[in-house]
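1. I need the structure of the sequence given here:
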Amino acid sequence: MASWDDYLSEADRKTLSRGGWARAGGYGARPAVLVIDAQNYMVGKRGVDDPETWPLSCGDIGWRALDHARTLIEAARAAGVPVIYTRFALDLDRGEGGGFTRKLSPPPGDHVFIEGTPGSQIVADIAPRGDEIVITKQKSSAFFGTPLQAYLTDRAVDTVIVTGGSTSNCVRNTVTDAAAHNYHVIVPEEAVFDRIPLSHHVTLFDINRTFGDVVGCAEVLGYLESRGVA
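-> So this is what the prediction gives:
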């Protein structure tokens, strides 16, 4: 854990200590697991390094994280804890790209995040059950312009466990919005992933410093198993 530790200087550590940063926020009583954008375009095909076909894929890093996320999802289901999925999908012909596509020019084809293509679909290995909510979003945060807040309120959720990718984009913005709504925020470190290791580590540091607790999957698994069926 603490995968950002090597990036900190002694002066940084003193700053954190002096300001009282990175205290443990802890868990609440009623969690939900959020699975952020576990889509084909994010990971490509398992065990196949094919960046020409899957230009936005995180590859093996993503697959390893999704395997950890699947373990947490299964534990949540066994405990009666809600699991909510998101998928990022845009219809560019309708102008849904907005500011996002001013910064990123997605390659053409069926293997990115274009609505209706194989790339936009959730990875089969971690697919939602028929009774689980799937939210399609057009922005990075799972809260922005979606009914997620209403679903969490309806289930009396006070803790969100955020998995998926990418760490520095959709995970980060979902986490900051969740913190703004005063949820307990938990990020299982092994169950989130990014294309760029520096972005991943620095984002986890920022999350743990201010917005939520970055912890090991084993700890989160123990917490979920302790919930029992609601």
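2. helices and strands around the host helix or strand of Ile161, which ones?
-> In this assignment (DSSP states H and E), Ile161 forms part of strand 159-165. Helices and strands touching strand 159-165, by 3 or more C-beta pairs under 8 Å, 6 or more residues apart in numbering; DSSP states H and E, are strand 31-36, helix 60-78, helix 172-180, strand 184-188, strand 192-193. Placement of C-beta: from N, CA and C, glycine included.
3. which residues touch Asn40?
-> 54, 111, 118-123 (C-beta atoms under 8 Å, 6 or more residues apart in numbering).
4. so how far is the strand holding Ile161 off the chain centroid?
-> The chain centre lies 5 Å from the centre of strand 159-165; the measure is C-alpha atoms, centre = their mean, to the nearest Å.
5. which strands or helices does the helix or strand containing Tyr85 pack on?
-> In this assignment (DSSP H and E), Tyr85 forms part of strand 83-88. Using 3+ C-beta pairs under 8 Å, 6+ apart, the elements in contact with strand 83-88 are strand 31-36, helix 60-78, strand 133-137, helix 148-154.
6. what are the buried residues along the longest one?
-> By neighbour count on 16 or more other C-beta atoms under 10 Å, the buried set for helix 60-78 is 61-63, 65-66, 68-73, 75-77.
7. could you export those residues as a markdown table, including distance to Ser9?
-> Shown next, in a markdown table, are these (distance: C-beta to C-beta, whole Å):
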| residue | distance to Ser9 |
| --- | --- |
| Ile61 | 27 |
| Gly62 | 31 |
| Trp63 | 34 |
| Ala65 | 28 |
| Leu66 | 34 |
| His68 | 30 |
| Ala69 | 33 |
| Arg70 | 37 |
| Thr71 | 35 |
| Leu72 | 33 |
| Ile73 | 38 |
| Ala75 | 38 |
| Ala76 | 38 |
| Arg77 | 43 |
